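>>> the sequence and its predicted three-dimensional model are supplied below.
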Amino acid sequence: MGVLVLNASYEPLHVVSVPHAIRMLVRKVAEIQEAEDGRPFGLFPRPKIVRLVRYVVMKWRYTHPPRWSRRGVLLRDGYRCAYCGHRADTVDHIVPVSRGGERASWLNTVAACGGSARSCNARKADRLPEEAGMRLRVTPRVPDWRELQTAGIAAPAA
């Protein structure tokens, strides 16, 4: 379980591990905003949320789109399969990489259900959705930073 890091202005920045958050507290660059009751981590209460003492300018975050990641695609699509709407646990390339599709592109990847021979990812295989007789329920897009950050705070729906 990660620890949410807030900027001095209370804007969410990112999530770090508990040991990383403790190091931030020891260096006095952050303070605890919220902690878990009765669960100490050494001398400190186990933090859930820490806030930076000084404001960090995040200009880079708004000049470039987020870098593609598998987790980001799942977050963007709400952990729902783009073909059937069931729980997604993998990523599907709309135009398969073997057929010239980009491997790490927000616009060529969607969340998909996988793990069995009957899953959408297995059914589509190395074909275009039209060739497999499947229809996309969502339009792939590049998410913004805020969308990924707020989605990353909450655990995925079961």
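Cool, the structure landed. Numbers count the residues shown, from 1 in each chain.
>>> and the pLDDT for the residue of the chain positioned farthest from its centre?
Most distant from the centre of the chain: Leu43, at 31.0 Å, with distances by CA atoms, centre = their mean. Leu43 carries a pLDDT value of 87.
>>> okay, it and Ala88: tell me how far apart.
From Leu43 over to Ala88 the distance is 41 Å, taken as CB to CB, to the nearest Å. C-beta here means a position set from N, CA and C on the backbone, and glycine is covered the same way.
>>> one more: Thr63?
Counting by CB to CB - Thr63 and Ala88 are separated by 30 Å.
>>> the more surrounded of these two?
Shown here are Thr63 and Ala88; by other CB atoms under 10 Å, Ala88 has more neighbours (26 against 7).
>>> need the contact list for the residue nearest to that one when sequence neighbours are not counted.
Nearest residue to Ala88 in three dimensions, chain neighbours excluded: Ala111, at 3.6 Å (CB to CB, 6 or more residues apart in numbering). By CB atoms under 8 Å, 6 or more residues apart in numbering, the contact set of Ala111 is 73-74, 76-82, 88, 90-92.
>>> could you tell me which of the residues you listed are located in helices?
Counting by DSSP state H, these place 73-74, 76 in helices.
>>> can you list contacts of stretch 136-149?
Outside stretch 136-149, the residues touching it (CB under 8 Å, 6+ apart) are 12-14, 61-62, 65-66, 72, 75-77, 82-85, 94, 106-110, 129.
>>> can you tell me which of those are classed as buried?
With burial judged by 16 or more other CB atoms under 10 Å, the buried subset of these is 12-13, 61, 66, 72, 75-77, 82-84, 94, 106, 108-110, 129.
>>> ok, back up a step: from Ile22, how far out is the residue farthest from the centre of the chain?
According to CB to CB, Leu43 stands 9 Å off from Ile22.
>>> give the buried residues for stretch 26-38.
Buried residues in stretch 26-38, defined by neighbour count with 16+ other CB under 10 Å: 30, 32, 35.
>>> same question for stretch 49-63.
For stretch 49-63, the neighbour count (16+ other CB under 10 Å) marks 49-52, 61 as buried.
>>> from those, which single one is nearest Ser119?
Nearest to Ser119 among the buried residues of stretch 49-63: Arg61, at 34.7 Å, using CB to CB.
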